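*Asks:* have a look at this prediction, sequence included:
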Amino acid sequence: MSVANMQRETAFQVRSLFRSLMRQSSQFSNYNFREYARRKTRDSFREHKAETEERRIQELIQDGLQNLRLLKRQTVISQFYQMDKLVVEGQKTGEQTGNNGDIVRQKDTGWD
């Protein structure tokens with residue numbers, strides 16, 4: 001295998017890992033955890049974008065795969081503890097009602 005092919009394959013692995021981490025971090029039910037995971041992923045990849053040593057790149061890929069496994073486990077756990085969406089998430093508030101899978105939002109005013 002030539003050096004150019006190895007670099008291309010490594011670059012593909014890195015891009016694939018980045019996309020997987022970003023996709024998995026968007027699975028968090030909590031806004032703060034979701035944004036933290038995205039920011040941490042972006043910052044880590046930016047920090048190491050100038051790496052050229054093949055051994056160090058492979059170590060970083062292995063760390064990234066370990067982080068991906070951790071994110072998968074944590075996103076499953078976070079689904080058990082869902083809370084109401086925050087205002088910054090742009091969701092309508094209120095109760096969900098409706099027939100046949102329709103969602104109709106009714107805002108709860110609190111005082112009747």
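*Replies:* Nice, I can see it.
*Asks:* so where do the helices sit in this protein?
*Replies:* Applying DSSP state H to the chain gives helices spanning 3-25, 31-47, 54-80.
*Asks:* can you put these in TSV and add mean pLDDT and mean neighbour count?
*Replies:* Glycine gets a C-beta too; all of them are placed from N, C-alpha and C. Below are the helices of the chain laid out as TSV (pLDDT from 0 to 100; neighbours: other Cβ atoms under 10 Å):
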stretch	mean pLDDT	mean neighbour count
helix 3-25	89	13
helix 31-47	93	14
helix 54-80	92	13
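*Asks:* near Met83, how many other residues are there?
*Replies:* 9 (other Cβ atoms under 10 Å).
*Asks:* state the phi and psi torsions of it.
*Replies:* Main-chain torsions, Met83, degrees, to the nearest 10: phi -120, psi 170.
*Asks:* that one reaches Asn30, doesn't it?
*Replies:* Yes: using Cβ atoms under 8 Å, Met83 is in contact with Asn30, at 6.8 Å.
*Asks:* grab the nearest non-local neighbour of the residue sitting nearest the centre point of the chain.
*Replies:* Nearest residue to the geometric centre of the chain (Cα atoms, centre = their mean): Ser25, 1.2 Å. Leaving aside its sequence neighbours, Ser25 sits nearest to Ala37 (Cβ to Cβ, 6 or more residues apart in numbering; 3.3 Å).
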